[in-house]
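1. missing the sequence, but the structure's below:
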């Protein structure tokens, strides 16, 4: 394929927008409205893969546009930690993550015409021990309220992260290396 097709980001996430902008890509945002409730017994990896594919397929885009969709979740011992419903829920999640290592999974799906390619990337994140006062401070910032697992590694929540093993952009919400690889599988060069 010659040239880069128009790009549609199937996500309202400001973090995903920022990551794509870092690559110098021009794109439009068209966030599909899909039910993100986990299915009964659904494992975290299957969950993010299903949602990423559903978002890629659901978004309305020109037939020749490259649609980029993703979904990220925090996995603590097989439990899906999504976005907290309120401050108390955020604090409870942070207590669970304190001094532990958890997995961050991002399902990525790209669509071009009727072709869809997907993958799931996993990173390991280790938290420092958290005190009640540090949890209370962080919750009052408001930052954890719209983040899977109730923290943002690229924001103030980064103070709790002792170590990341794997892709940092994955933990933020969009593993850029995977997006570029999947685009190449569809014949689209996003960089270089």
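-> Received the coordinates, thanks. These figures come from a predicted structure and were not determined experimentally. Residues are numbered from 1 along each chain as shown.

2. List the buried residues of stretch 81-100.
-> 81-84, 87, 89-91, 93-94, 96-98 (16 or more other CB atoms under 10 Å). In short, each C-beta sits where N, CA and C put it, glycine included.

3. Throw these into JSON lines and include secondary structure, distance to residue 31 and pLDDT, thanks.
-> Formatted as JSON lines, these follow (DSSP: H, G, I helix; E, B strand; the rest coil; distance: CB to CB, whole Å; pLDDT from 0 to 100):
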{"residue": "81", "secondary structure": "strand", "distance to residue 31": "22", "pLDDT": "96"}
{"residue": "82", "secondary structure": "coil", "distance to residue 31": "17", "pLDDT": "91"}
{"residue": "83", "secondary structure": "coil", "distance to residue 31": "15", "pLDDT": "92"}
{"residue": "84", "secondary structure": "coil", "distance to residue 31": "20", "pLDDT": "97"}
{"residue": "87", "secondary structure": "helix", "distance to residue 31": "25", "pLDDT": "97"}
{"residue": "89", "secondary structure": "helix", "distance to residue 31": "23", "pLDDT": "98"}
{"residue": "90", "secondary structure": "helix", "distance to residue 31": "23", "pLDDT": "98"}
{"residue": "91", "secondary structure": "helix", "distance to residue 31": "28", "pLDDT": "98"}
{"residue": "93", "secondary structure": "helix", "distance to residue 31": "24", "pLDDT": "98"}
{"residue": "94", "secondary structure": "helix", "distance to residue 31": "27", "pLDDT": "98"}
{"residue": "96", "secondary structure": "helix", "distance to residue 31": "29", "pLDDT": "98"}
{"residue": "97", "secondary structure": "helix", "distance to residue 31": "27", "pLDDT": "98"}
{"residue": "98", "secondary structure": "coil", "distance to residue 31": "32", "pLDDT": "98"}
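
4. out of these, who's nearest residue 54?
-> Within the set of the buried residues of stretch 81-100, residue 82 lies nearest residue 54; the separation is 15.4 Å, counting by CB to CB.

5. Check which helix or strand residue 126 maps to.
-> Element membership of residue 126 [criterion: DSSP states H and E] is strand 115-127.
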